[in-house]
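Colleague: Give me coordinates for this.
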Amino acid sequence: QVQVVESGGGLVQPGGSLRLSCAGSGSIFSIYAMGWYRQAPGKQRELVATITSGGSTNYADSVKGRFTISRDNGENTADLQMDMLKPEDTAVYYCNAEGRTSTWPRRPFNSWGQGTQVTVSS
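Modeller: Numbers count the residues shown, from 1 in each chain. Coordinates of the predicted model:
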């Protein structure tokens, strides 16, 4: 069983910054990739940023230059630094982790957190 927990959401004014954190725990052998996704009211969940165990990153065009994803492989954590926030960044942000479990036969897993609310408003 693998759990993913997000933290760090909240209310911020336009132009402000927030840092989201994600931690994986449980029967983890390895994590290939961790990512942040978001879902605004009435919209589909969309990719925000992903990072592989090797450090390769991918960002949605809408957040390039403003958001930075980082991870600590040893701690199974991934952070999302969000700067120059805009009202359109308002959404529930979800963390995702893909990897293999530590219990034999080391099946793959794909786990989601419960989400954390980010609201950008004056």
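Colleague: Leaving out chain neighbours, which residue sits closest to Val48?
Modeller: Nearest non-adjacent residue to Val48, counting by Cβ to Cβ, 6 or more residues apart in numbering: Trp36, 4.3 Å away. From N, CA and C alone the C-beta is placed, and that goes for glycine too.
Colleague: Does that neighbour touch Cys95 like I think?
Modeller: Yes - taking contacts as Cβ atoms under 8 Å, Trp36 lies within contact range of Cys95: 5.9 Å.
Colleague: Quickly list what's touching both of the two.
Modeller: Counting by Cβ atoms under 8 Å, 6 or more residues apart in numbering, the common neighbours of Trp36 and Cys95 are Leu20, Cys22, Ala78.
Colleague: Could you point out which residue ranges in the protein have low pLDDT?
Modeller: Under the criterion pLDDT under 70, no range of the chain is flagged.
Colleague: run the last query once more with 90
Modeller: 1, 73-74, 103-104 (pLDDT under 90).
Colleague: And the residue nearest the centre of it?
Modeller: Residue closest to the average C-alpha location in the chain (Cα atoms, centre = their mean): Trp36, at 2.7 Å.
Colleague: For the closest residue in space to Gly9 that isn't next to it in sequence, list each beta-bridge partner.
Modeller: Leaving aside its sequence neighbours, Gly9 sits nearest to Thr116 (Cβ to Cβ, 6+ apart; 3.4 Å). Beta-bridge pairing of Thr116 under DSSP bridges involves Tyr93.
Colleague: is it true that Thr116 touches Val92?
Modeller: Yes - at 7.0 Å, Thr116 counts as touching Val92 under the criterion of Cβ under 8 Å.
Colleague: Which one's more surrounded, these two?
Modeller: Neighbour totals were compared for Thr116 and Val92, and Thr116 leads with 21 against 18 (other Cβ atoms under 10 Å).
Colleague: Kindly provide the distance from the more buried one to Ser53.
Modeller: Here the criterion is Cβ to Cβ, to the nearest Å. By it, Thr116 lies 23 Å from Ser53.
Colleague: Alright, that wraps it up for me.
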